[in-house]
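Q: Below: sequence and its predicted model.
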Amino acid sequence: MILALLVGIGAALGAVARYLLDQAVTRRRGKAFPAGTWLINITGSLALGLLTGSALHHGLSPHIVTVLGVGVCGGYTTFSTFSYETVRLTEDGLGLVALGNLLVSVVTGLAAAALGLGLALL
């Protein structure tokens, strides 16, 4: 029960961080390309890669991995917003931007997670 509460607190913190970062990026970059969501998902992928790598190679506690991975990273990253924004771009007649968002997000997300795993080996 305590672990579930800690996951919930972590998720709340991650969601607030996501909101604040997205607002800051959107104010600076505009709304044509969802740069805020992209940055959030990439940094979240990197963080989850580091966390997973730390658990695998350095014996990080499963409870810490659950709170930080499921809670914080789960509340911080957002597949649903990424999906919605990609569809919105398509509906707005920006099919190439939507395709670019899809490709760049998936490729850089995987690369960031791999980088995190690699950095955890150090």
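A: That came in fine, so what should we check first?
Q: and the top helix by length along the chain, average pLDDT?
A: The single longest helix within the chain, with elements called by DSSP state H, is helix 2-29. The average pLDDT for helix 2-29 rounds to 97.
Q: Now the helix or strand where residue 55 lies: average pLDDT?
A: In the assignment (DSSP states H and E), residue 55 maps to helix 35-58. Confidence over helix 35-58, taken as the mean pLDDT, stands at 97.
Q: ok so, going back, next, the buried residues of the longest helix of the chain.
A: The neighbour-count check on helix 2-29 (16 or more other C-beta atoms under 10 Å) flags 6-7, 10-11, 14, 17-18, 21-22, 25 as buried. Quick note: C-beta positions are derived from backbone N, CA and C, even for glycine.
Q: so which of those comes closest to residue 90?
A: residue 22 (20.3 Å; C-beta to C-beta).
Q: Not counting its neighbours along the chain, what's nearest the closest one?
A: Leaving aside its sequence neighbours, residue 22 sits nearest to residue 36 (C-beta to C-beta, 6 or more residues apart in numbering; 3.6 Å).
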